[in-house]
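[1] All I have is the shape, not the residue letters:
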């Protein structure tokens, strides 16, 4: 009898194990979607507000794809990737938890559906394959190695072929060709930081596909400081941090000088020499206080005039928003723009060829219980991908 019981248990466990081996889809959490074409986003006049707080937390409930692991052959049009790095910050650490916080703040993005009223587009139902790739594995012990990891992870995603073809020009009906310097149709990568140091390896990756790139940079700080000024550069590695990465990007030829621009600047300086160095690094500037005189329309006009129709990389520091609206950041500065103002300005970039983007310096430990900062970060990215969804990275061949 005893041997029969043991045999019975063995058979049961074997059956359970076999079921788990071959039917793991049965364990998928509620509303989890493995591929974008399985995604259940409400369309026009369909059911909304249905249990969006359930399931695993990806950005806006996008499908989770292990892009740097077992799904390394999966293609996409837009991928979210985290870069949990914060050992280049000068004041408050904690942005290594930014990717997780931003995803948490994005849970309600599609609560009422994903239709962007001002831009008249639903990026989630635009026909693009949008995924959340999780995070790049980043060591907290070695900045040099971490920067290499971030560049390598981003480049691996960037150099996959895009899932969707470019199609034809909406005005002329002629076929579009890629705007990249290597002639390939690259996907877009949206990086969740992480402190702003991560943009140096990201721009190195972008350069491999697009060459010197125009940059739109929203931040309260310049981030073009000479290492001898910002931190004093006690070592070669310490010279690369979240206040100097644009200096190094300019030195390396990653930035298209003269067609890049800062927005929301309101930092104090060591002196006028900091602005002279910023000029030499290839940037124009919009001070945060200019919104009081020229408004959001004037700011949009200055940005568009500066970058023209060139390919653009977009980098957004959450501290461009006033700490009244986004307190959870490493180096907060009062006198910034409101969340509404920044979102309006981002919508004003409609039609630009934004090749990739990031949002950085979100440090959730300093947030309110209401998750103000992480929600603001998620909403800002909603505007970014809405703009991306409307403008393919192609041009009509001459």
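    Structure's in. What do you need? Not measured: the values here are computed from a predicted model.

[2] Quick one: end-to-end distance for stretch 163-173.
    Taking Cα to Cα, to the nearest Å, stretch 163-173 runs 21 Å from one end to the other.

[3] That one: how far from the chain's middle?
    24 Å (Cα atoms, centre = their mean, to the nearest Å).

[4] So which residues of the stretch 1-150 of the chain form helices?
    Along the stretch 1-150 of the chain, the segments classed as helices by DSSP state H, counting those that start in this stretch run 2-22, 98-105, 143-158.

[5] Centre of the chain to the last one, how far?
    If you compare the mean C-alpha spot of helix 143-158 with that of the full chain, they lie 15 Å apart, counting by Cα atoms, centre = their mean.

[6] Report the residue spans of the stretch 1-150 of the chain with pLDDT below the cut-off.
    1-42, 45-51 (pLDDT under 70).

[7] redo that, cut-off 50
    1-3, 5-30, 32-38 (pLDDT under 50).

[8] how about the strands in it?
    In the stretch 1-150 of the chain, the strands defined using DSSP state E, counting those that start in this stretch lie at 78-83, 130-135.

[9] Nearest to residue 251, out of those?
    strand 78-83 (21.7 Å; Cβ to Cβ). From N, CA and C alone the C-beta is placed, and that goes for glycine too.

[10] Residues contacting that closest one, please?
    By Cβ atoms under 8 Å, 6 or more residues apart in numbering, the surrounding residues in contact with strand 78-83 are 58-59, 62, 65, 67, 98-100, 123, 128-136, 138, 150, 153-154, 157, 187-194, 198, 202, 358, 385, 388-389.

[11] Which of the residues you listed are buried? Put it as a ChimeraX command.
    This is how ChimeraX selects the buried members of these, with burial counted by 16 or more other Cβ atoms under 10 Å:
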select :58,59,62,65,67,98,99,100,123,128,129,130,131,132,133,134,135,136,138,150,153,154,157,187,188,189,190,191,192,193,194,198,202,358,385,388,389
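
[12] Shouldn't residue 378 be within a helix?
    Yes - under DSSP: H, G, I helix; E, B strand; the rest coil, residue 378 sits within a helix.

[13] is it true that it touches residue 102?
    Yes - with contact defined as Cβ atoms under 8 Å, residue 378 reaches residue 102; the gap is 5.7 Å.

[14] okay, and the common contacts of these two?
    With Cβ under 8 Å, 6+ apart, residue 378 and residue 102 have common neighbours residue 59.

[15] Okay, strands next: where are they in the stretch 201-350 of the chain?
    Going by DSSP E, counting those that start in this stretch, the stretch 201-350 of the chain shows strands at 214-218, 260-265, 283-287, 312-317.

[16] Out of those strands, flag the one nearest residue 52.
    Per Cβ to Cβ, nearest to residue 52 of these: strand 312-317, 24.2 Å.

[17] right, and the strands of the stretch 1-150 of the chain - which one's nearest residue 219?
    strand 78-83 (16.7 Å).

[18] hmm, back to that, adding distance to residue 93, write the strands of the stretch 1-150 of the chain out as JSON lines.
    Listed next are the strands of the stretch 1-150 of the chain as JSON lines, based on distance: least, Cβ to Cβ, whole Å:
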{"stretch": "strand 78-83", "distance to residue 93": "15"}
{"stretch": "strand 130-135", "distance to residue 93": "17"}
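
[19] wait, which of these is closest to residue 215?
    strand 78-83 (17.2 Å).

[20] coming back round to it: nearest to residue 248, of the strands of the stretch 1-150 of the chain?
    Closest among the strands of the stretch 1-150 of the chain, using Cβ to Cβ: strand 78-83, at 16.9 Å.

[21] So what are the sheet partners of that closest one and their directions?
    In the sheet, strand 78-83 lines up against strand 130-135 (parallel), strand 188-193 (parallel) (DSSP bridges).

[22] contacting residues around residue 130?
    Contacts of residue 130 by Cβ under 8 Å, 6+ apart are 36, 62, 76-80, 123-124, 385.

[23] one more time with 10 Å, if that's ok
    By Cβ atoms under 10 Å, 6 or more residues apart in numbering, the contact list for residue 130 reads 36, 39, 59-60, 62-63, 76-80, 123-124, 163, 187-188, 190, 385, 388-389.

[24] From residue 59, how far out is it?
    Using Cβ to Cβ, to the nearest Å, we find residue 130 at a distance of 9 Å from residue 59.

[25] who touches both of those two?
    Going by Cβ under 10 Å, 6+ apart, residues that sit against residue 130 and also against residue 59 are 79-80, 190, 385.

[26] before we move on, the earlier item: ok, which of the strands of the stretch 1-150 of the chain comes nearest residue 320?
    strand 78-83 (18.5 Å).

[27] buried ones in that closest one?
    78-83.

[28] Tabulate those (CSV), appending distance to residue 322.
    Shown next, in CSV, are the buried residues of strand 78-83 (distance: Cβ to Cβ, whole Å):
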residue, distance to residue 322
78, 28
79, 30
80, 25
81, 28
82, 25
83, 25
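
[29] Out of the residues you listed, which two sit at the greatest distance?
    Within the buried residues of strand 78-83, two members stand farthest from each other by Cβ to Cβ: 78 and 83, at 16.2 Å.

[30] what's the distance between stretch 309-324 and the middle of its chain?
    For stretch 309-324, the distance to the chain centre is 10 Å (Cα atoms, centre = their mean).

[31] ends of that stretch, how far apart?
    Stretch 309-324 has an end-to-end distance of 34 Å (criterion: Cα to Cα).
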